[in-house]
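Student: Return a 3D structure for these sequence lines:
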Amino acid sequence: MAIKTKKQELVSGLGELRVLRQDSDLNYDVQIAIMRSGLNDNGWDYRNVGRYAKTFRGTPILCAYLPTGEIGDGHNVETVVGPDGRKRYRFTGPTAERIVGMIYDTDDAVWTEERDGEVWAIARGKLWRFYNPELVDKIARQGRMSVSAETNVTKAHREGDREVYSQWYGLGVTILGDGVAPAVPG
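Tutor: Numbering: from 1, shown residues only. Have a look, this model is predicted:
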């Protein structure tokens, strides 16, 4: 999913979500490997992950539900033109991404780790089981699901075939469907 303007672009990368524990209300505390630095399979090269990782604090965890009963898909959102003539996203369609949880908004909720020479943004959050029992039960059966970072890129340039994103901030994390190809290797 991408909307380009002169100043910004919404893009995504891929990581992974896994369950840490359940609380007394059966909500799931989760750990999410949101995204990593470096070139991904979309030709995007995120820089400064250490600087911008904490911008994911307090952002939503999203997931799409399909009429077929499948849990998780891609970035299901509709692009519309508002009354002011500007393009914007609408999340009200029957298969649109919906908020299923959140990344905690605390100092220790988001951090970085080096893995295989790349810097990963890692976060802790919560999935609300009462509102999303099918999703939480699926994760319990599988143990984990792939995710995609939602970012707003505010400074980018090209280096050969790659788009280099040097300034950006986190908007949220989308839980992907089983058939969605990963953008970030590993």
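
Student: which residues sit against stretch 106-115?
Tutor: 36, 49-50, 53-54, 56-57, 103, 119-125 (Cβ atoms under 8 Å, 6 or more residues apart in numbering). For every residue, glycine as well, the C-beta is placed using N, CA and C.

Student: what's the first-to-last distance across that stretch?
Tutor: 24 Å (Cα to Cα, to the nearest Å).

Student: tell me the average confidence for it?
Tutor: For stretch 106-115, mean pLDDT is 94.

Student: can you check stretch 154-166 too?
Tutor: Stretch 154-166 shows a mean pLDDT of 93.

Student: Can you list the buried residues in it?
Tutor: By 16 or more other Cβ atoms under 10 Å, the buried positions in stretch 154-166 come out as A156, E163, V164, Y165.

Student: same check, this time on stretch 133-151
Tutor: L135, V136, K138, I139, M145, S146, V147, S148, A149, E150, T151.

Student: show me where this structure has helices.
Tutor: Using DSSP state H, the helices of the chain run over 49-52, 133-142.

Student: Looking at the buried residues of stretch 154-166, spot the one nearest G43.
Tutor: For those, the closest approach to G43 (Cβ to Cβ) belongs to E163, at 6.1 Å.

Student: And that closest one, how close does it get to T112?
Tutor: 22 Å (Cβ to Cβ, to the nearest Å).

Student: just checking, what packs against the lengthiest strand in the chain?
Tutor: In the chain, assigned by DSSP state E, the strand with the most residues is strand 144-159. Strand 144-159 makes packing contacts with strand 9-22, strand 28-36, strand 162-175 when contacts are defined by 3 or more Cβ pairs under 8 Å, 6 or more residues apart in numbering; DSSP states H and E.

Student: Relative to K87, which of those strands is closest?
Tutor: Nearest to K87, of all the helices and strands packed on strand 144-159, is strand 9-22, at 10.7 Å by Cβ to Cβ.

Student: How far does stretch 137-157 sit from its chain's centre?
Tutor: 3 Å (Cα atoms, centre = their mean, to the nearest Å).

Student: for stretch 106-123, same thing?
Tutor: 14 Å.

Student: Which parts of it count as buried, going by neighbours?
Tutor: Quick answer for stretch 106-123 (16+ other Cβ under 10 Å): A109, V110, T112, E118, V119, W120, A121, I122, A123.

Student: Mind putting the residues you listed into TSV with distance to P83?
Tutor: What follows is the buried residues of stretch 106-123, written out as TSV (distance: Cβ to Cβ, whole Å):
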residue	distance to P83
A109	37
V110	36
T112	41
E118	43
V119	42
W120	41
A121	36
I122	40
A123	35
